[in-house]
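Colleague: take this sequence and fold it.
(one chain, ligands or ions: 1)
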Amino acid sequence: MRITDVRTELLRMPLPRPMQSGSSSGKKGGPVSHINMPIVFITTEDGTRGLGYAWSLLGGATATRCVLRDDFAPLLIDEDALDHERLWHKLYRRLQSVGRHGLVIQAQAAVDLALWDIKGKIAGLPVYKLLGGCRESAPVYGSDGGWLYMSVSEMVTAFEGYLAQGMMGVKMKIGHENPQVDIDRVREVRKALGDGAWIAVDANQKWDFPTAMWVGRALEQLGVAWFEEPLLCEDVPGHARLAAALDIPIAMGETLGSRFEFDAYVRANAVDILQPDIIRVGGITEMVKVVTMADVAQLPVAPHHMMESTIQVACGVMSSGPIEYMPWVAGAFAEPAVIKNGRMLPPQQPGLGLEIPEDIIQRFRIE
Ligand code: MG
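Modeller: The predicted model follows:
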């Protein structure tokens, strides 16, 4: 099925709720209000059109779009759109000197999503069925209500809303300059939600080893479900030391690109829960491989947001593991994600089941 056209766009979407984490804040240290969304439409000779997208925060958006338009599009024209595995390797090897981590792999993920969308549309099947159909829904935890700038009462209000919808639990950010502030906030949220509530925390690579160790010990006393990104993602040995010393599970992976970076963590026993991001890891094709690696290592997978496309992998090849409710790009799509009784259901239309209407593109396009 020959590719005849590749169209790229770049959108800037307002976040439903501004974000602020231990690693990301606005110019003056406050919340971040927008997310960038490079998108690609790949059309085949029979008129089938696949949609793929990437995301970036605080930079990289125009560069990602340029990689899609200037580097990948010429490599894709006249190729067979159904050869997702061959094309993944073609793009990965071709751009080896400019990046297998970061914006290049994120651009590649957008292409990969579009190819899977095409494959599903031609097969007449949703992608999760093509992948394996492990389950028909995945539990959701609420993750857009625990930002650093929010007060405890604001967080609790947001979290109670998630729990009232039947979601399995909530995640809050930690990573203040004084970690005691974080522990106090987690303690107050725990007190408000009750001992039985599932609460995870995310430090977004904020700390050095001694601080992370101290925080981890304190979190253990508060019954926290996992300690996410305590250290710089490059520090595999540091995570291994933490994982060995702490009882609380270490979750990590949203900033890792490709299976090779996950492999370093798995081999070093440096992580307890793998968190691939469908875009940063290189798309559906690569994320499926990370899930297989987790299966072999007997490690749980808890994918990092981008729920609208991640649900295909989470239901296609994962028999357990949650979806992170983070509606950052929800405003781009024609239909909202379907969440019933705290579980997300994959779209039943062929392909990814996602559409970005032309009027949305016109409204949010930035170049
Ligand atoms: Mg995180």
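Colleague: distance from whichever strand or helix holds residue 17 to the middle of the chain?
Modeller: Following DSSP states H and E, one finds residue 17 within strand 3-19. Per C-alpha atoms, centre = their mean, to the nearest Å, the displacement of strand 3-19 from the mean C-alpha position of its chain is 15 Å.
Colleague: how about stretch 89-98?
Modeller: Computed by C-alpha atoms, centre = their mean, the chain-centroid distance of stretch 89-98 equals 22 Å.
Colleague: got a list of contacts for it?
Modeller: 67, 71, 72, 75, 79, 100, 104, 105, 108, 111, 258, 282 (C-beta atoms under 8 Å, 6 or more residues apart in numbering). Bear in mind the C-beta positions are built from the backbone N, C-alpha and C, glycine included.
Colleague: list the buried ones in it?
Modeller: 90, 91, 92, 95 (16 or more other C-beta atoms under 10 Å).
Colleague: what is the helix or strand following the strand holding residue 17 packed up against?
Modeller: Per DSSP H and E, the first helix or strand lying C-terminal to strand 3-19 is strand 32-44. Counting contacts by 3 or more C-beta pairs under 8 Å, 6 or more residues apart in numbering; DSSP states H and E, strand 32-44 packs against strand 3-19, strand 49-53, helix 61-66, helix 103-123.
Colleague: from the stretch 1-150 of the chain, which residue is nearest to the ion?
Modeller: The nearest approach of the stretch 1-150 of the chain to the ion comes at residue 21, 7.3 Å away (C-beta to the ion).
Colleague: my guess is that residue meets residue 146, correct?
Modeller: No: with contacts counted by C-beta atoms under 8 Å, residue 21 stays clear of residue 146, the gap being 9.6 Å.
Colleague: shared neighbours of these two, anything?
Modeller: With C-beta under 8 Å, 6+ apart as the test, residue 21 and residue 146 both reach residue 173.
Colleague: the two: which is more packed in?
Modeller: Legend: neighbour count by other C-beta atoms under 10 Å for residue 21 and residue 146, higher for residue 146 (27 against 22).
Colleague: quick one: contacts for the more buried one?
Modeller: By C-beta under 8 Å, 6+ apart, residue 146 lies in contact with 155, 158, 159, 170, 171, 172, 173, 189.
Colleague: give me the element the closest residue to it other than its chain neighbours is part of.
Modeller: Spatial nearest neighbour of residue 146, chain neighbours left out: residue 172 (2.9 Å); criterion: C-beta to C-beta, 6 or more residues apart in numbering. According to DSSP H and E, residue 172 maps onto strand 169-173.
Colleague: how about the residues of the chain near the ion?
Modeller: Proximity of the chain to the ion (C-beta under 5 Å from the ion) is limited to residues 202, 228, 254.
Colleague: I figured the second one was touching residue 199, is that so?
Modeller: No: with contact defined as C-beta under 8 Å, residue 228 does not count as touching residue 199 (11.7 Å).
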